[in-house]
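> need the 3D shape of this:
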Amino acid sequence: LRRSPGEVCFPGGKSEATDKDDIDTALREAKEEVGLQPEKVEVICRLMPGIDKMNNLVTPVVGFIEDTFQVTPNPDEVSEVFVVPLEYFVKPLNYKTFSYKTSSGYLTRMHCFIYYDQEHKRSFKIWGLTAHFAVFLALVIF
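Just a heads-up that it's a prediction; the model follows:
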């Protein structure tokens with residue numbers, strides 16, 4: 001909430017000295033942000049890293065969790081949690097792209113999804129690196 005208020009993202013953050021690797025960082029951050037216990041995650045892989053808008057290298061870690069997991073958002077870091085079926089990123093109902101200039105001046109296109117969540121009765125805008133990683137994972141899975 002402090003760094004990117006109102007933006008949609010996966011749990012994550014910077015590594016700490018106590019983290020052994022990217023997987024350790026991802027599991028620690030998921031526990032801190034949404035209450036996901038590391039032992040409840042079956043880590044499958046790491047995806048190809050991407051660079052965020054602050055020029056940080058971001059390495060997504062993918063894992064399976066039980067569908068019975070009950071999220072406990074940390075109010076200091078997370079304002080809302082919602083679930084999007086992975087299939088949505090290959091069969092979206094509301095999709096567009098927009099131009100984006102990187103910090104190095106390179107002009108590129110960026111995914112942007114508007115997802116209407118029935119449970120919250122509102123729409124969420126999923127774009128940028130979050131959308132990129134979701135699309136990539138959906139293409140690999142499907």
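> where in this protein is pLDDT low?
1-4 (pLDDT under 70).
> hey, where'd the helices end up in it?
Assigned helices in the chain, in chain order: 22-34, 128-141 (criterion: DSSP state H).
> residues of stretch 123-130 that come out buried?
By 16 or more other Cβ atoms under 10 Å, the buried positions in stretch 123-130 come out as 126, 127, 128, 129, 130. Any C-beta I mention is one placed from the backbone N, CA and C, and that applies to glycine too.
> now those residues in CSV, with distance to residue 76?
Formatted as CSV, these follow (distance: Cβ to Cβ, whole Å):
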residue, distance to residue 76
126, 23
127, 24
128, 23
129, 22
130, 20
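> and the helices of the chain: which comes nearest residue 81?
Nearest to residue 81, of all those, is helix 22-34, at 6.1 Å by Cβ to Cβ.
> who touches the closest one?
Under the criterion Cβ atoms under 8 Å, 6 or more residues apart in numbering, residues 11-16, 18-19, 36-38, 41, 43, 46, 59-61, 71-74, 77-78, 81 lie in contact with helix 22-34.
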